[in-house]
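Undergrad: With the input below, show me the fold.
(one chain, ligands or ions: 1)
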Amino acid sequence: MTSRKIVNVASVPKRSPFRYPGGKTWLVPLARKWWKSLGRKPELLIEPFAGGGIIGLTASFEDFADHVILVEKDPDVVAVWKCICSGNYPILCNRILTFEVSEENVRRTLADESQCIEEMAFRTIIKNRMFHGGILAPGASLMKSGENGKGLKSRWYAKTLSDRITAIGKIRHRFTVIEGDAIDVMTTYKDNSNAVFFIDPPYTASGKKAGSRLYRYCDLNHSALFELAASLSGEFLMTYDDAEGVRELAMRSKFDMELVAMKNTHHAKMTELLIGRNLAWSRQDTRLHRQPEFNFDE
Ligand SMILES: C[S@@+](CC[C@H](N)C(=O)[O-])C[C@H]1O[C@@H](n2cnc3c(N)ncnc32)[C@H](O)[C@@H]1O
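TA: The predicted structure is shown next:
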């Protein structure tokens, strides 16, 4: 039983070029179960709050959907996805591989205001690696540079990043990136029964995990999102912080809920709420609910 658990987690390839606050790498084993429970391969998997996009990436790499749509509102995050999907990703890889890490170079890069997509993408990657917690929202701060920039260097995995970007770039025809609003795109596809949705919205709960600290865009009408989810022809899976208000919204829409345990980067045990029409599939093997910790930053 123990070894089975470890195999499950070890088989989660880290494919995203981001280390994303609220990233869902830990959910991949459950997402795979969800896809298998659908009984057929959907034409479209839509990730309307894409961020680091790990679920969309996994669906694509593992052939769980014919095509993936990533939707994201933050232009800095979108720049990375657009750059990769435009085919110009070797320019980004080259910038990453030749970057010499020092506090001065990081600050110089971040001060650049070029709106060229490759430069925006590069800035975002630098920020994501070098800022506390990978946070890209205004107010985030640069990590301590340490002696000879050692602190910053320890955050920089140039080859790993370049390899991940190249791998995604090679299958870019399987992705569409939309810079826009999740609600608009979900509304566009709401009557498409061949589309499935993985919905991981920013949730502004009070306290440490407050969305406004983590994301540039975090204002959302959660009640409207639940109503829209209820009207989707296709299947969906939502994840939320486990909060009273969220449970109420789920109950009002008569959705099924399941609490899953995870460990965060600091090994603290946390819980997250899965929401869907019928989550019976998620209860079939409870071993998957107990995720051992793993390092998101490798
Ligand atoms: C919880 S994070 C998603 C994390 C993602 N599932 C992952 O594994 O990396 C929520 C994301 O939604 C984005 N976002 C916030 N409001 C949005 C909106 N109205 N439309 C599209 N994206 C939005 C945020 O910028 C953030 O990247």
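Undergrad: ok, and what's touching stretch 150-162?
TA: Applying CB atoms under 8 Å, 6 or more residues apart in numbering, the set of residues contacting stretch 150-162 from outside is 17, 93, 96-97, 99, 101-103, 106, 125, 129-130, 143-146, 297-298. To be clear about C-beta, it is placed using only N, CA and C from the backbone, and glycine gets the same treatment.
Undergrad: how about 6 Å then?
TA: 17, 93, 96-97, 101, 129-130, 143-145 (CB atoms under 6 Å, 6 or more residues apart in numbering).
Undergrad: Any buried residues in it, and which?
TA: Buried residues in stretch 150-162, counted by 16 or more other CB atoms under 10 Å: 151-152, 155-156, 158, 161-162.
Undergrad: Report the buried members of the contacts of stretch 150-162.
TA: Buried among those (16+ other CB under 10 Å): 17, 93, 96, 101, 129-130, 143, 145.
Undergrad: From the buried residues of stretch 150-162, which land in helices?
TA: 151-152, 158, 161-162 (DSSP state H).
Undergrad: farthest-separated two in those residues?
TA: 151 and 162 (21.7 Å; CB to CB).
Undergrad: tell me the least confident of the buried ones among the contacts of stretch 150-162?
TA: Least confident of these in the model: residue 145, at 84.
Undergrad: give the contact list for that one.
TA: So residue 145 contacts 103, 151-152 (CB under 6 Å, 6+ apart).
Undergrad: Turn those into JSON lines, columns for pLDDT.
TA: Output for these, formatted as JSON lines (pLDDT from 0 to 100):
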{"residue": "103", "pLDDT": "93"}
{"residue": "151", "pLDDT": "87"}
{"residue": "152", "pLDDT": "90"}
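Undergrad: The residues you listed also near the ligand: which ones?
TA: Checking the contacts of residue 145 against the ligand by CB under 6 Å from any ligand atom, not one of them is in range.
Undergrad: Out of these, which is nearest to the ligand?
TA: Nearest to the ligand, judged by CB to the nearest ligand atom, of the contacts of residue 145 is residue 152 at 22.6 Å.
Undergrad: Is the residue nearest to residue 231 when sequence neighbours are not counted in a helix, a strand, or coil?
TA: Spatially, and ignoring its direct neighbours in sequence, residue 231 is nearest to residue 190 (5.7 Å; CB to CB, 6 or more residues apart in numbering). What DSSP: H, G, I helix; E, B strand; the rest coil gives for residue 190 is coil.
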